[in-house]
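Novice: What would the 3D arrangement of this be:
(chains A and B)
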Number of protein chains: 2
Amino acid sequence: MSLVLEHTPLLSSTSLPIAEALGLPLTEDIGSNGYYPPFHKAMMDGYAVRTADAGKTVRVVGEIAASDVATEYFPVGSCMAIMTGAPCPPGTEAVVKKENTLRSGVGVTLPALIVPGQHIAAKGSECQEDSLLLKKGTVVTPLVIATLAAFGIKTIKVFPYPSIAIITTGNELVRPGEKLGAAQIHDSNGPMLVAMAKSFGISNVTLLHADDRLESLERALEQVAKVEIVIFTGGASYGNYDIVPKALNRFGIEIIFHKVTNGSGKSFLFGEKSSQLFFGLQGNPLPCHMCFYRYVVPAIHQMAGKSLNRIYHSGKLTSPLSIKNGKCNGNDAHFILARAEIRNGGWQVTQVKTKSSADIFTIYSANSYITLPPGVHDISGGTTVDFLLIGEH
Amino acid sequence: MSLVLEHTPLLSSTSLPIAEALGLPLTEDIGSNGYYPPFHKAMMDGYAVRTADAGKTVRVVGEIAASDVATEYFPVGSCMAIMTGAPCPPGTEAVVKKENTLRSGVGVTLPALIVPGQHIAAKGSECQEDSLLLKKGTVVTPLVIATLAAFGIKTIKVFPYPSIAIITTGNELVRPGEKLGAAQIHDSNGPMLVAMAKSFGISNVTLLHADDRLESLERALEQVAKVEIVIFTGGASYGNYDIVPKALNRFGIEIIFHKVTNGSGKSFLFGEKSSQLFFGLQGNPLPCHMCFYRYVVPAIHQMAGKSLNRIYHSGKLTSPLSIKNGKCNGNDAHFILARAEIRNGGWQVTQVKTKSSADIFTIYSANSYITLPPGVHDISGGTTVDFLLIGEH
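Specialist: Numbers count the residues shown, from 1 in each chain, chains lettered A, B, ... in the order given. From the prediction side, this is the model:
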């Protein structure tokens, strides 16, 4: 994992409309471009008053609705009706709530106690002109969008999410909806990885297919020359038809890491060419899902300048767990697909067992990965383990 | 809350492309339309062999790549080279890994032990024809998409997410990018709520504005006649210019619940008309965010047939907490905006204090809601409290 992140660049800062920046960190401090509120604002429906008139009946000399410009001064002995959000007229010392007054014709009786400044949000009370509004690195959330919008800010600079291309490989694969040949299967990795990328906030996702000829893969590579993260599925082992390493070589892509655990295609390849990253994932859906979650997602975060902040939960194993050899994660921690459920107020975690790594029919109930430290292989039922909820990822 | 859900209908089941159904529950069982694998599939690069030939050197009489159709029978004393994913030719009793053999010209020496069936995924071993693939109610995740794709299924029936319209009200509001009048402010609720809706999976979001004239709001209501959830911000209290209740009345919308805590616009309105829901939220961003998270999100989930499954965390309060009156949540639990951070291995939670409910500049650091049972008003620092992470919602 650390090897992947060592080679993962931060993308260039770019301007995005605030609505498209959700989840991304700001690349610069944002200062206020004015006072907020921009005027002394009434916080209640009621009357703008002078404190000297507490307890008295005074004449209502005008009415100010939200968006009205209040320029008329009102003297002691008078007041002005005012609506929530409206600017206080000159002379206003406090706002009294409508409910605390008694109106009779053009006169209104004010409460006996009026605190100076009450129910007024003074100009600049929440934010002064030229003050720091949002710090560099702040992740854009809906609340941050509200802050930006309040200052009329339409676009901001962020490190964007990378674009992603997924290239499925193999003559045997057919897209859903197309007719299967006698020795073909439908591609499941492509649609799965597209859904994963989108669930992590990536909107720019391309899905391509290459057959087992080198030219076909090279054509696909030409098409993704400007894509920041390129993912292959299948074709990364050393079988006769495994052309990914050959094609990468021809394109001047440096292979940083290439782990082949056996001849079954259970391998993981990582390469780079200037700031482009290449991930060769397995042809089987389970290791493909796991390696995307485990290696590609942290790279996506790092490119966008985000910290990963995965939240680990603890739960009790419902049954013993034993790790087979041949996992793509080597000497790192193990990630084991599981179902976590809250029972009797605590998390219970059950490994989702599969018939093979190509088995995708027994695993739809999975909602988490149990994470085990490297070297831990056998765990008895009832042990407390850490896990990550993957939910809709 | 329960009053909202009592009036929230389940939307009609609809067909969606699998990629657009992420996060939604299936409305019907899905059966397999064939065997999986659809043929006896090699799981390794190597040789398709007869077990009687264990330890012998046999002749390689052919080669089968993925997608090749293997019809040629091979007798004892011979074998065929085979690639991962390819169909086993007639006669195959096992597949041996390439690494466990020694090739010399057209001959290959096989290992001494060959287990019948090894490295073969037999036809139908993962899924039989006409078996139950995915149960009704299963939420579509990337793994479920992989399962569906494997059977060439392109569209599925789900309860869709509702469409949402947000109508901001008030003469004083100006959209970001437009010039402010002397007594105007930029709208922050609209962009915030659009971002929230999108972060909960809703793609169909419309943002409209109505000024303080009844006709303006009525025009907006005409435009959203087919939208499932309509949200107003501001205008739901009983001030002179609060026209939302009047307009709803004219459109035959039944007001189920209308809580006005004081004259400041801190109110919450809930109404319905046949299967359309109407939420009147406050004009200030904080109660607006809270009521969307608290009341609208559960309604969105119920319309889409999803269970809410909010995951509560526990953390220690870093400082005492005191609840003011006038919250829109009345006798329900309290939701208090907070910042939660992991320190020394445990969650620490700090209330995010604001200068007023219109204050949006001190709250961008909030990432959670502390939830307190009804009736609890004062809590000392160090107490363990429950909270919900809101992250990018």
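Novice: how about the residue lying closest to A:Val58 once chain neighbours are set aside, what does it touch?
Specialist: Of all residues not flanking A:Val58 in the chain, A:Cys79 sits nearest, at 5.0 Å (C-beta to C-beta, 6 or more residues apart in numbering or on different chains). Bear in mind the C-beta positions are built from the backbone N, C-alpha and C, glycine included. By C-beta atoms under 8 Å, 6 or more residues apart in numbering or on different chains, the contact set of A:Cys79 is A:Tyr47, A:Ala48, A:Val49, A:Arg50, A:Asp53, A:Val58, A:Arg59, A:Val60, A:Val61, A:Val108, A:Leu110.
Novice: one more time with 10 Å, if that's ok
Specialist: Remark: with contacts taken as C-beta atoms under 10 Å, 6 or more residues apart in numbering or on different chains, A:Cys79 is in contact with A:46-50, A:53, A:56, A:58-62, A:89, A:91-92, A:94-96, A:101, A:107-108, A:110.
Novice: domains in chain A, as residue ranges please.
Specialist: Domain segmentation of chain A under automatic domain parsing yields A:41-121, A:164-303, A:312-389.
Novice: quick one, strands of the stretch 151-300 of chain A?
Specialist: Listed in chain order, the strands found in the stretch 151-300 of chain A under DSSP state E, counting those that start in this stretch are A:155-158, A:164-169, A:173-174, A:185-186, A:205-210, A:229-233, A:254-260, A:267-273, A:276-281.
Novice: Isn't A:Gly107 up against A:Tyr47?
Specialist: No - under the criterion of C-beta atoms under 10 Å, A:Gly107 lies out of contact with A:Tyr47, with a separation of 11.3 Å.
Novice: Looking at the two, which one has more neighbours?
Specialist: Counting neighbours by other C-beta atoms under 10 Å in any protein chain shown for A:Gly107 and for A:Tyr47 shows that A:Tyr47 has the greater number, 27 against 13.
Novice: ok, now which ones touch the more buried one?
Specialist: By C-beta under 10 Å, 6+ apart, the residues touching A:Tyr47 are A:53, A:58, A:60, A:63, A:78-82, A:92, A:94-98, A:100-101, A:103, A:108, A:110, A:119.
Novice: repeat that for 6 Å
Specialist: A:Cys79, A:Ala81, A:Val96 (C-beta atoms under 6 Å, 6 or more residues apart in numbering or on different chains).
Novice: before we move on, what about A:Tyr35?
Specialist: Contacts of A:Tyr35 were listed using C-beta under 6 Å, 6+ apart, and they are A:Lys123, A:Gly124, A:Glu129.
Novice: hang on, the earlier thing: bridging residues for the residue nearest to A:Val58?
Specialist: When bridges are taken as DSSP bridges, the partners of A:Cys79 come out as A:Val60.
Novice: how about the helices of the stretch 201-350 of chain A, start to end?
Specialist: Under the criterion DSSP state H, counting those that start in this stretch, helices of the stretch 201-350 of chain A are mapped to A:214-223, A:244-250, A:285-291, A:297-303.
Novice: about what we covered before: okay, and which of the contacts of A:Cys79 map to strands?
Specialist: A:46-49, A:58-62, A:94-96, A:107-108 (DSSP state E).
Novice: So how do I select the buried members of those residues in ChimeraX?
Specialist: When burial is assessed using 16 or more other C-beta atoms under 10 Å in any protein chain shown, the buried subset of the ones in strands among the contacts of A:Cys79 is captured in ChimeraX by this command:
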select /A:46,47,48,49,58,60,61,94,95,96,108
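Novice: Can you tell me how far A:Val244 is from A:Leu281?
Specialist: Distance, A:Val244 to A:Leu281, by C-beta to C-beta, to the nearest Å: 10 Å.
Novice: meant to ask about A:Gln351
Specialist: Distance from A:Gln351 to A:Leu281, counting by C-beta to C-beta: 22 Å.
Novice: Can you report how many residues lie near the closest residue to A:Gly201 other than its chain neighbours?
Specialist: Leaving aside its sequence neighbours, A:Gly201 sits nearest to A:Gly23 (C-beta to C-beta, 6+ apart; 4.9 Å). Residue crowding around A:Gly23 was assessed by other C-beta under 10 Å; the count is 19.
Novice: same question, the one 10 residues further on
Specialist: Other residues lying near A:Asn33 total 12 when counted by other C-beta under 10 Å.
Novice: Also A:Leu143?
Specialist: A:Leu143 sits with 25 neighbouring residues when counted by other C-beta under 10 Å.
Novice: again with A:Val349
Specialist: 26.
Novice: hmm, back to that, will you turn the contacts of A:Tyr35 into TSV that also has distance to A:Arg219 and secondary structure?
Specialist: Written out in TSV, the entries for those read as follows (distance: C-beta to C-beta, whole Å; DSSP: H, G, I helix; E, B strand; the rest coil):
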residue	distance to A:Arg219	secondary structure
A:Lys123	63	coil
A:Gly124	61	coil
A:Glu129	57	coil
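Novice: Name the nearest of those residues relative to B:Lys316.
Specialist: When these are compared for distance to B:Lys316, the smallest value, 35.3 Å, is given by A:Gly124; criterion: C-beta to C-beta.
Novice: What does the pLDDT read for that closest one?
Specialist: Predicted confidence (pLDDT) at A:Gly124: the value is 90.
Novice: Next up, the contacts around it.
Specialist: Here A:Gly124 is in contact with A:Tyr35 (C-beta under 6 Å, 6+ apart).
Novice: From B:Ile311, how far off is it?
Specialist: A:Gly124 sits at a distance of 40 Å from B:Ile311 (criterion: C-beta to C-beta).
Novice: Now A:Pro37. Its backbone dihedrals?
Specialist: In terms of degrees, to the nearest 10, the main-chain angles of A:Pro37 are phi -60, psi 160.
Novice: so what's the backbone phi/psi at A:Arg103?
Specialist: Backbone torsions of A:Arg103, given as degrees, to the nearest 10, read phi -90, psi 140.
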